[in-house]
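Whatever this is, show me its structure:
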Amino acid sequence: MQLFYNSEINNETIEFSFSREESKHIVKVLRKNIGDTLNITNGKGSLFIAEITVPDIKKCFVKIISKTNQPRKNYKLHLAVAPTKMNDRYELFLEKATEIGIDTITPIICDHSERKIIKAERLEKILQSAMKQSLNLYLPVLKPAITFKEFMKQDFNGLQFIAHCEKTNKKSLKKELTPNKDVTILIGPEGDFSTKEISLAIENSFIPVTLGETRLRTETAAIVACHSVAFTNEL
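The predicted structure follows:
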């Protein structure tokens, strides 16, 4: 099944048209014609089956013929991950986390961060592409980049963890996770969280955890954390 994405479609939508870029892909590349059907999601859990009415390469029109809704999973995962020095590594994390199952991502700017600016539009496209490729009907929410200190001022629900590399008492993330609970996990930059940041997180009820015996890159740690939560919640 090939999945298309359109954020504006909803349960009241009867017909709509694709963008010029997607219309060209549908008609010229996929060679779709009148009467052919397409699978479309709005990234909010809905799957729409649409029939092509006007196969124009500039503006392909479709009409909705059926719709179903996918229930949300029994937990929400929020990863706050420092931007990596190389953009492609952060993009890899976003792609794999979307495939595995994540709800919210917040880029956090830390004391040791080498990169403090992200290209949100580019990252949104990565998320959309990964959602469609994995046939996921929920598009993860990408929050604006924020400093670690500002992030700590928010209210959090469920389990809260900070993964760091300092030689202090830490618990195993795998052993601390429990099913059916919302989870927030902090992953630091290549230079790790500062001692000050770790202390601030602990003051705000974050539990220090380890992800294993070896030191992981930022994007690897984020992917491992994401998978650990998903695995814990498998039926």
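
Just the pLDDT for the spatially closest residue to T210 that is not a sequence neighbour.
Leaving aside its sequence neighbours, T210 sits nearest to K170 (Cβ to Cβ, 6 or more residues apart in numbering; 4.6 Å). Yep, even glycine has a C-beta here, placed from its N, CA and C like the rest. K170 carries a pLDDT value of 92.

Which strand or helix spans A201?
According to DSSP states H and E, A201 maps onto helix 195-203.

Extract the CA atoms of that helix and return them as CSV.
The C-alpha trace of helix 195-203 is given here as CSV (Å, rounded to 0.1, in the frame of the first residue of the first chain):
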residue,chain,number,x,y,z
THR,A,195,26.6,18.5,35.5
LYS,A,196,24.4,21.5,36.1
GLU,A,197,21.8,20.3,33.6
ILE,A,198,21.7,16.8,35.1
SER,A,199,21.2,18.3,38.6
LEU,A,200,18.4,20.5,37.3
ALA,A,201,16.7,17.5,35.6
ILE,A,202,16.9,15.5,38.9
GLU,A,203,15.4,18.5,40.8
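
Can you name every helix or strand that that helix contacts?
Packing partners of helix 195-203 (3 or more Cβ pairs under 8 Å, 6 or more residues apart in numbering; DSSP states H and E): helix 148-151, strand 159-163, strand 207-210.

T104 pairs with what?
H78, V141 (DSSP bridges).

Okay, now the unreliable bits of this protein?
The model of the chain has pLDDT under 70 over residues 235.

circling back: make CSV out of the helices and strands packed on helix 195-203 and add mean neighbour count and distance to S23.
Listed next are those as CSV, based on neighbours: other Cβ atoms under 10 Å; distance: least, Cβ to Cβ, whole Å:
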stretch, mean neighbour count, distance to S23
helix 148-151, 17, 40
strand 159-163, 22, 44
strand 207-210, 18, 47
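
of these, which approaches N6 most closely?
For N6, the closest of these is helix 148-151, at 31.3 Å, according to Cβ to Cβ.

Compute the first-to-last residue distance for stretch 199-216.
21 Å (Cα to Cα, to the nearest Å).

Now do the helix holding A201 against strand 159-163, angle only.
Calculated by axes from the mean of the first three to the mean of the last three Cα atoms, to 10 degrees, helix 195-203 forms an angle of 160 degrees with strand 159-163.

can you pull the buried residues of helix 195-203?
Using 16 or more other Cβ atoms under 10 Å as the test for burial, helix 195-203 gives 197-198, 200-201.
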